[in-house]
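Peer 1: give me a model of this one.
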Amino acid sequence: MMPKIKLSAIAALILCGGAILGGQTRPPIIGVAHIGLKTNDMAAAHQFYGKGLGFADFSLDKPTGGLMLTYFKVNDHQYIEIFPDLNDPNEDRLSHIAFETTNIQQLRDYLGSRGVAVPAALKPGLDGNVSMMLKDPDGHNVEFVQYMPGSLHSRNFGKLMPETRVSDHMIHVGVTVVDRAAADRFYKDILGFQLMWYGGMTDAEVSWIDMRVPDRTDWLEYMIKRKSLTPKALGVLHHLALGVPDIKAATAKVEAHGMKPLQPPKIGRDGKWQLNLYDANDTRTELMEFKPVETPCCSPMITR
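Peer 2: Residues are numbered from 1 along each chain as shown. Now for the predicted structure:
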């Protein structure tokens, strides 16, 4: 006999947008937390992300000494993490992508109930937050993090957000995907990401698929991969996007900071103004207006 569940409990789960399986509920996944990138030139990274894009930073050292990574702060909950770990010019610059959850232990238990390989136990990291690193079907490192009181990040809440920032919101990150169905089983069916828009260079192809996080408006962009790619080409696909209200003002701001974009802003196939910028290791940062100014190609865009 099935156990009785109070109607109020069901209603609460519906209101929270949770997913249930075997008694486990998925907690909210509320946005992009960070993207981790590798470089062989920290000075150039500071020039690009610090001076050019205008972000303040703080760092974390290894327990044995020496720099582990530098955090360029977009806002209290979003960061660009730069690791001085690029040792081979043919190496992918992407370290990992990360999303924020409100309950990391509950998310671990939920994913374990769905057959995802999860850590045996969770504990605070060197930065004081609790996180877990998983592999998606394409082999990308995908981290989930819960910011904890007293952590390196929470101690800096409300700080290090100067007017020099070109943006105060990372609206998406992009990674390569070979098998869309496999990616959907992980991100859509298990994690609850929702299709937002898809498009391509022509109306007859699908090159980009935007999958919105379950409980807010940030998204993950599948960059459909059909052939082997050079590190430079991967730098175009493994990217981050910063939302801006006015692309002309944003372009003027980065130019005033000494940046020289390779091309002027343009309207993308999603109908939004955008400007592409590249760091010293060829990783792309996309400045993008929040709303389309033209009708997006290829599919309707969910904006609510």
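Peer 1: tell me the secondary structure for Lys232?
Peer 2: For Lys232, the assignment made with DSSP: H, G, I helix; E, B strand; the rest coil gives helix.
Peer 1: tell me the pLDDT of the closest residue to it other than its chain neighbours.
Peer 2: Nearest residue to Lys232 in three dimensions, chain neighbours excluded: Asp282, at 4.6 Å (C-beta to C-beta, 6 or more residues apart in numbering). (C-beta placed from N, C-alpha, C; glycine too.) Asp282 carries a pLDDT value of 96.
Peer 1: quick check: domain ranges of this structure?
Peer 2: Domain segmentation of the chain under automatic domain parsing yields 29-156, 170-289.
Peer 1: and the contacts of stretch 49-57?
Peer 2: Residues from elsewhere that reach stretch 49-57, judged by C-beta atoms under 8 Å, 6 or more residues apart in numbering: 46, 70-74, 80, 82, 160-162, 164-167, 242, 253-254, 257-259, 277, 279, 285.
Peer 1: and stretch 65-72, by the same measure?
Peer 2: Contacts with stretch 65-72, where a contact means C-beta under 8 Å, 6+ apart, come from 34, 36, 42, 45-46, 49-50, 53, 55-62, 79-84, 126, 153.
Peer 1: buried ones in that stretch, by neighbour count?
Peer 2: Within stretch 65-72, the residues scored as buried using 16 or more other C-beta atoms under 10 Å are Met68, Leu69, Thr70, Tyr71, Phe72.
Peer 1: tell me the SS of Leu126?
Peer 2: Leu126 is classified as coil under three-state DSSP.
Peer 1: residue contacts, the spatially closest residue to it that is not a sequence neighbour?
Peer 2: Among residues not flanking Leu126 along the chain, Leu60 sits closest, at 6.1 Å (C-beta to C-beta, 6+ apart). Leu60 sits next to Leu67, Met68, Leu69, Thr70, Tyr71, Leu126, Asp127, Leu152 when contact means C-beta under 8 Å, 6+ apart.
Peer 1: cool, Pro27 as well?
Peer 2: Neighbouring residues of Pro27 by C-beta under 8 Å, 6+ apart: Gly18, Thr101, Thr102, Asn103, Gln106, Leu107, Tyr110.
Peer 1: which residue, other than its chain neighbours, is closest to it?
Peer 2: Closest residue to Pro27 apart from its sequence neighbours, by C-beta to C-beta, 6+ apart: Asn103 at 3.9 Å.
Peer 1: that neighbour and Val145 touch, don't they?
Peer 2: No. In this structure Asn103 lies outside contact range of Val145 using C-beta atoms under 8 Å: 11.5 Å.
Peer 1: pretty sure Leu86 is touching Thr39, no?
Peer 2: Yes. Counting by C-beta under 8 Å, Leu86 does reach Thr39; the two are 5.3 Å apart.
Peer 1: which residues in this structure form helices?
Peer 2: 7-16, 42-45, 104-113, 180-184, 231-237, 247-256 (DSSP state H).
Peer 1: with distance to Thr25 and mean neighbour count added, can I get these in JSON lines?
Peer 2: Listed next are the helices of the chain as JSON lines, based on distance: least, C-beta to C-beta, whole Å; neighbours: other C-beta atoms under 10 Å:
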{"stretch": "helix 7-16", "distance to Thr25": "6", "mean neighbour count": "10"}
{"stretch": "helix 42-45", "distance to Thr25": "40", "mean neighbour count": "15"}
{"stretch": "helix 104-113", "distance to Thr25": "6", "mean neighbour count": "19"}
{"stretch": "helix 180-184", "distance to Thr25": "21", "mean neighbour count": "16"}
{"stretch": "helix 231-237", "distance to Thr25": "34", "mean neighbour count": "18"}
{"stretch": "helix 247-256", "distance to Thr25": "40", "mean neighbour count": "16"}
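Peer 1: nearest to Asp92, out of these?
Peer 2: Smallest distance to Asp92 across the helices of the chain (C-beta to C-beta): 5.4 Å, for helix 231-237.
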